[in-house]
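Visitor: predicted model and sequence follow; I will ask about them next.
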Amino acid sequence: MHDHNHDHTTEDLTKNQALVLETLTGSKGPLSAYTILDQVRDQGIRAPLQVYRALDNLVAFGMVHRLESLKAFLACRNPNCGPHTAAAFTICDVCGRVAELTDGRLTEHLESVAQASNFTPTSTTIELRGVCDRCHKE
Ligand SMILES: [Zn+2]
Ligand SMILES: [Zn+2]
């Protein structure tokens, strides 16, 4: 199996992709496509489609993750993440904090499970909903 990890660097990105990635990297939490659009409007991206297209590509590169349950996007902060890595997130239902989990065994295991059912996954995102340690203590 070859290594797909972050084979795209920020220099390979188009202007729109770089702007969208910058917006996500600068954000503390996940952002919806419309929030991203609001923030890049002044910098020349005006059509929602431009944002969606940039997001699609960034997700395909493994640089951004899409959180289905929040309908939001998050910059990947895990250097071991790649386009075909299983990304896992904890999402706190109290404060909304989202954290990316790193566990190579998870990816390996899910890959072998998928292989056993002759399934080829293009992306895998696991979302764990619950209460974070900070909110737990309160
Ligand atoms: Zn990631
Ligand atoms: Zn919390």
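Guide: Yep, that arrived. Model, not experiment: these values are computed from the prediction. Ligands and ions are numbered 1, 2, ... in the order given.
Visitor: so what does the helix or strand harbouring residue 105 touch, helix or strand wise?
Guide: With secondary structure defined by DSSP states H and E, residue 105 is part of helix 104-116. Helix 104-116 sits against strand 86-92, strand 124-130, with contacts defined as 3 or more Cβ pairs under 8 Å, 6 or more residues apart in numbering; DSSP states H and E. The way it works is simple: take the backbone N, C-alpha and C, and place the C-beta from them, glycine included.
Visitor: and the average pLDDT for the last one is what?
Guide: Read that as strand 124-130. Taken as a whole, strand 124-130 has a mean pLDDT of 92.
Visitor: tell me if it is near ligand 1.
Guide: No - Strand 124-130 does not reach ligand 1 (Cβ under 5 Å from the ion); its nearest approach is 9.1 Å.
Visitor: over to the first one?
Guide: Yes - among the residues of strand 86-92, residue 87 lie within reach of ligand 1 under Cβ under 5 Å from the ion.
Visitor: tell me how far the helix or strand of the chain with the lowest mean pLDDT lies from the chain's centre.
Guide: Least confident helix or strand of the chain, by mean pLDDT, DSSP states H and E, is helix 104-116 with a mean of 88. On the basis of Cα atoms, centre = their mean, to the nearest Å, helix 104-116 sits 19 Å off its chain's mean C-alpha point.
Visitor: next, the angle from it to strand 86-92.
Guide: Taking axes from the mean of the first three to the mean of the last three Cα atoms, to 10 degrees, one finds that helix 104-116 is oriented at 120 degrees with respect to strand 86-92.
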